[in-house]
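Quick one: sequence plus predicted model below, questions after.
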Amino acid sequence: MRQSHQLPLVGLLLFSLIPRQQCEICEVSKEYYTTLNPLISTMINSKYTKGIHAANVLLSLRLGGILNPNQEQQLIQQINTAVENKKPSLTSGQLALAILALGACKGPDGISINYSELVGDLENKFQAEIKNMEDHDGNPLTNYYQLSLDILALCLFSGNYSITEVTKILDPESKNYYFHEQFSVDTGAMAVLALICVKRSITSGQNKIDTSDLENIDNHIESLIAKILSQKTENGLLGNIYSTGEAMQALFVSSDYYNKSQWVCQKTRDTVLTEISQGAFRMPTAAAQILPALMGKTYLDVNKDSSCVYGSGNFNISTQDPISVTPAVSASQIKVNYSVVINNAKDRIVVSVADGSVFLDVMEQAQKENATLFSFTVEESSWGPYITTVQGIKANNNDRTYWELLSNGEHLSQGVGSYVVHAGDDLEVRWSTY
Ligand code: CBY
């Protein structure tokens, strides 16, 4: 071939080597990495990320290549201990996240994790989810966010699952994508990541299937992406601030399924950056779920065979204070209304709490004043305390019941441990069906 003919060809080749995604991924550029410092400090220094709840944090920091081997080891240790001691009681999604975090990359000394055993356990937990759906009117033991995490982990770690079954489960018409008839962007985003992984495994020839499955997967992704984009807000968020990070990841990996004009990634990113500076990501899990997208990463970058990256970027992590988990509580007292609502019955009380208190403080004060009407129990979740019972009545996934939090009639987008109450608020915990 003559030189003059080769040149355009070389050009074409180079062009095709530039990852297509570059155009769609709008990561924060390196000079601006300091804006991410509060997230990283929150994750690393937080005493609130314990045991299995550290999985989200480890996954995120490893994808970003932020830790040093010592910090990484401490997190791995916590997760390993939690997995060893509590395996039977872990939910499927907790185990899936632990596998993703522990196997996100290959550590310096090839730290030995028995993947095949953990993946085998996950296969069983995933089957139990499906069995529960069969026995309880399509309701899984947990939720579709976790089932999607399961599928993602099984897909990335060569677990066994039936593509046909997965395709059937993740049908966008399933009620499990909805809470109170509202599409859950978090759930949809995780399902897209799982489906893209499954699709890639088929097209790379790892998995053989019939073409109707592939067609269904394509249709599912397209429909879920449309639903996610339909939840775009004026300022570019996808769902709310806490679902935006994972929704960005889903949009990064599915650019074939929407038009460029449908999503201005930079706008979303800039709103998120403003929210970081205003302290919206005080919870380590919130920080963990937003960081990968801001660094142009997705959970599909998890690769147990590629070496971990350490201490990259311009991060200054050891010296900075984390964003404080609870805002300063002042000495002055405020009065709020608090009620427990069960169907049409309402038990109401006015309580006095320190200014800056969170919803949980109000519940505790009410319980102190009247233990019969206002008793409650909480469980620690990766997002902080989660209310499981009030007046002894227990939330139950089989009948889609839970204790819903409201303030002035509005559904809250934060949990009891983080929502800061204001004087005169009408706070409510309501027995609800999602
Ligand atoms: N994670 C999970 O399994 C949780 C999945 C998730 C979709 C999650 C949001 C998204 C995420 N990124 O983690 C989710 N919530 C679910 C599935 C649920 C249901 C849990 C029961 C089940 N079927 O598994 C349910 C009952 C509908 C639910 N969330 C309830 C609540 C309320 C909790 C109240 C209580 N009893 O304590 C609450 C506070 C809403 C309300 N007003 O009552 C709530 N969730 C909120 C606010 C949130 C967001 C938390 C944001 C924050 N800053 O605290 C959330 C990120 C999340 C956690 N829920 Co739910 C959604 C959002 O606003 N973007 C996997 C596991 C391994 O960790």
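Thanks, I have it.

list the buried ones in the helix or strand containing residue 212?
Assigned by DSSP states H and E, residue 212 belongs to helix 211-229. By 16 or more other Cβ atoms under 10 Å, the buried positions in helix 211-229 come out as 213, 214, 216, 217, 220, 221, 222, 224, 225, 227, 228, 229. To be clear about C-beta, it is placed using only N, CA and C from the backbone, and glycine gets the same treatment.

ok, those vs the ligand, which is closest?
Nearest to the ligand among the buried residues of helix 211-229: residue 228, at 12.3 Å, using Cβ to the nearest ligand atom.

list the contacts for that closest one?
Residue 228 sits next to 183, 185, 188, 189, 192, 238, 239, 247, 250, 251 when contact means Cβ atoms under 8 Å, 6 or more residues apart in numbering.

returning to that earlier point: immediately after the helix holding residue 212, which helix or strand?
That would be, after helix 211-229 and using DSSP H and E, helix 244-252.

Which secondary structure elements does the helix or strand that comes right after that next one sit against?
Helices and strands here follow DSSP H and E; after helix 244-252, the next one along the chain is helix 265-277. The elements that helix 265-277 packs onto, with contact taken as 3 or more Cβ pairs under 8 Å, 6 or more residues apart in numbering; DSSP states H and E, are helix 37-45, helix 244-252, helix 284-294.

go with 7 Å
Where contact means 3 or more Cβ pairs under 7 Å, 6 or more residues apart in numbering; DSSP states H and E, helix 265-277 is packed against helix 244-252, helix 284-294.

Grab the CA positions of it and hand them over as PDB.
Presented in PDB, the C-alpha positions along helix 265-277 are these (Å, rounded to 0.1, in the frame of the first residue of the first chain):
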ATOM      1  CA  CYS A 265     -24.000  15.700  31.500                       C
ATOM      2  CA  GLN A 266     -22.100  18.800  32.400                       C
ATOM      3  CA  LYS A 267     -25.200  20.400  33.900                       C
ATOM      4  CA  THR A 268     -25.800  17.400  36.100                       C
ATOM      5  CA  ARG A 269     -22.200  17.400  37.200                       C
ATOM      6  CA  ASP A 270     -22.100  21.100  38.000                       C
ATOM      7  CA  THR A 271     -25.300  20.800  40.100                       C
ATOM      8  CA  VAL A 272     -23.700  17.900  42.000                       C
ATOM      9  CA  LEU A 273     -20.500  19.900  42.600                       C
ATOM     10  CA  THR A 274     -22.500  22.700  44.000                       C
ATOM     11  CA  GLU A 275     -24.400  20.300  46.300                       C
ATOM     12  CA  ILE A 276     -21.100  18.900  47.500                       C
ATOM     13  CA  SER A 277     -19.900  22.300  48.600                       C
END
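
wait, does that helix contact the ligand?
No. Residues of helix 265-277 contacting the ligand under Cβ under 6 Å from any ligand atom: none, with a closest distance of 11.4 Å.

avg pLDDT for that helix?
Helix 265-277 shows a mean pLDDT of 97.

Can you give me the buried ones in that helix?
In helix 265-277, the ones that count as buried by 16+ other Cβ under 10 Å are 265, 268, 269, 271, 272, 275, 276.

Run through who's touching stretch 50-63.
43, 49, 67, 75-76, 78-79, 82, 86, 90, 94, 97-98, 100-101, 104-105, 284-285, 288-289, 291-292, 297, 301, 308, 382 (Cβ atoms under 7 Å, 6 or more residues apart in numbering).

again with stretch 293-307
Counting by Cβ under 7 Å, 6+ apart, 25, 27-28, 36, 63-64, 100, 103-106, 152, 156-157, 193, 196-197, 245, 248-249, 252-253, 269, 272, 292 sit against stretch 293-307.

Just the buried ones out of the residues you listed, please.
25, 27-28, 36, 63-64, 100, 103-105, 152, 156-157, 193, 196-197, 245, 248-249, 252-253, 269, 272, 292.

circling back to that earlier point, the helices and strands packed on helix 265-277: which one's closest to the ligand?
Per Cβ to the nearest ligand atom, nearest to the ligand of those: helix 284-294, 5.3 Å.

Please compute how far the closest one lies from its chain's middle.
Mean-position distance between helix 284-294 and its chain equals 8 Å (Cα atoms, centre = their mean, to the nearest Å).

Next: stretch 337-350.
31 Å.

avg pLDDT for that stretch?
97.

What is the end-to-end distance of it?
5 Å (Cα to Cα, to the nearest Å).

ok, residues contacting that stretch?
Outside stretch 337-350, the residues touching it (Cβ under 7 Å, 6+ apart) are 335, 351, 362, 366, 369-370, 373-374, 390-391, 425-431.

ok, now with 6 Å
335, 351, 362, 366, 373, 390, 426, 427, 428, 429, 430, 431 (Cβ atoms under 6 Å, 6 or more residues apart in numbering).

ok, and what's touching the host helix or strand of the fifth one?
When you say that, I think you mean residue 373. Residue 373 is located in helix 371-374, with elements delineated by DSSP H and E. Here helix 371-374 makes contact (Cβ under 6 Å, 6+ apart) with 347, 366, 367.

what's downstream of it, the next helix or strand?
strand 376-381.

Look up how far the ligand lies from residue 78.
15 Å (Cβ to the nearest ligand atom, to the nearest Å).

Output the below-cut-off pLDDT ranges for the stretch 51-200 of the chain.
110-113 (pLDDT under 70).

Up against the ligand, what does it have?
So far as Cβ under 6 Å from any ligand atom goes, the stretch 51-200 of the chain lies against the ligand at 93, 94, 97, 142, 143, 145, 146, 179, 184, 186, 187.

Switch the residues you listed over to CSV; also include secondary structure.
Shown next, in CSV, are these (DSSP: H, G, I helix; E, B strand; the rest coil):
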residue, secondary structure
93, helix
94, helix
97, helix
142, coil
143, coil
145, helix
146, helix
179, strand
184, coil
186, helix
187, helix
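
And the strands in the chain?
In the chain, the strands defined using DSSP state E lie at 178-179, 182-183, 333-342, 345-354, 376-381, 384-390, 393-394, 401-407, 410-411, 426-433.
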